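Participant: Provided below are the primary sequence and the corresponding predicted coordinates.
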Amino acid sequence: MAVRHRLIKTPARTVWEVLADGSRHADWVVGAPSSEPVRGQWPRLGSAIHYESRIGPLRLAGETVVRRCERGEALEFEAREGPFGTARIAVRLRPWGNECLVTVDEHPLRGADGRLRRAAAKALTRIRHGAMLARLAKVCEADAAEWERRRPLGQVVASEPGRDGTRA
């Protein structure tokens, strides 16, 4: 079991917008320099993203499949990475004032990774999650700053996007 959390300096809706955009998966996931949606509409149940991981000189094809989605609150997926097996990764969002507390919880499910999971592997997973949460924070905070920069001075905006996706 590896659990990490981080307070991100944006509202939960901004974090959710990044998580819910399957084309941005590689922007915040550590070890996956590229990714692309391959099945369904991310983050709907059963939708999938294909990615390539790099571990030193090794390159492994992987797939992440959504197993549970609670819009704006939780996204759980199964990451499949060849001979290493699969892992359950849960990302939970909790509004914290005008910020968002993000928790990542990962457990091995199948394959060699589940059988070999020891203290050292847990420590490496926690380090990877720390880096992943730092990347997620950077992406979300940059998005929020860009959105704020583009907002016309003095414009009052809705806290949630409307049906057309705008906040005006």
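Facilitator: The structure has been received and is ready for your questions.
Participant: what residue ranges in the chain are flagged as low confidence?
Facilitator: Within the chain, the ranges that satisfy pLDDT under 70 run 1, 112-121, 151-168.
Participant: Now do the buried residues in the host helix or strand of Leu7.
Facilitator: Leu7 belongs to strand 2-8 when assigned by DSSP states H and E. Of the residues in strand 2-8, 2, 4, 6, 8 count as buried by neighbour count, 16 or more other C-beta atoms under 10 Å. The way it works is simple: take the backbone N, C-alpha and C, and place the C-beta from them, glycine included.
Participant: Make a markdown table out of the residues you listed and add distance to Trp147.
Facilitator: Compiled in a markdown table, those are given as follows (distance: C-beta to C-beta, whole Å):
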| residue | distance to Trp147 |
| --- | --- |
| Ala2 | 32 |
| Arg4 | 26 |
| Arg6 | 20 |
| Ile8 | 15 |
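Participant: still on that earlier bit, with just CA atoms, put the strand holding Leu7 into CSV.
Facilitator: Listed in CSV are the C-alpha atoms of strand 2-8, where the atom choice follows Å, rounded to 0.1, in the frame of the first residue of the first chain:
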residue,chain,number,x,y,z
ALA,A,2,1.3,3.4,-1.0
VAL,A,3,-0.7,6.5,-0.1
ARG,A,4,0.4,10.2,-0.6
HIS,A,5,-1.4,13.5,-0.5
ARG,A,6,-0.8,17.0,-1.6
LEU,A,7,-2.6,20.3,-1.2
ILE,A,8,-2.8,22.0,-4.6
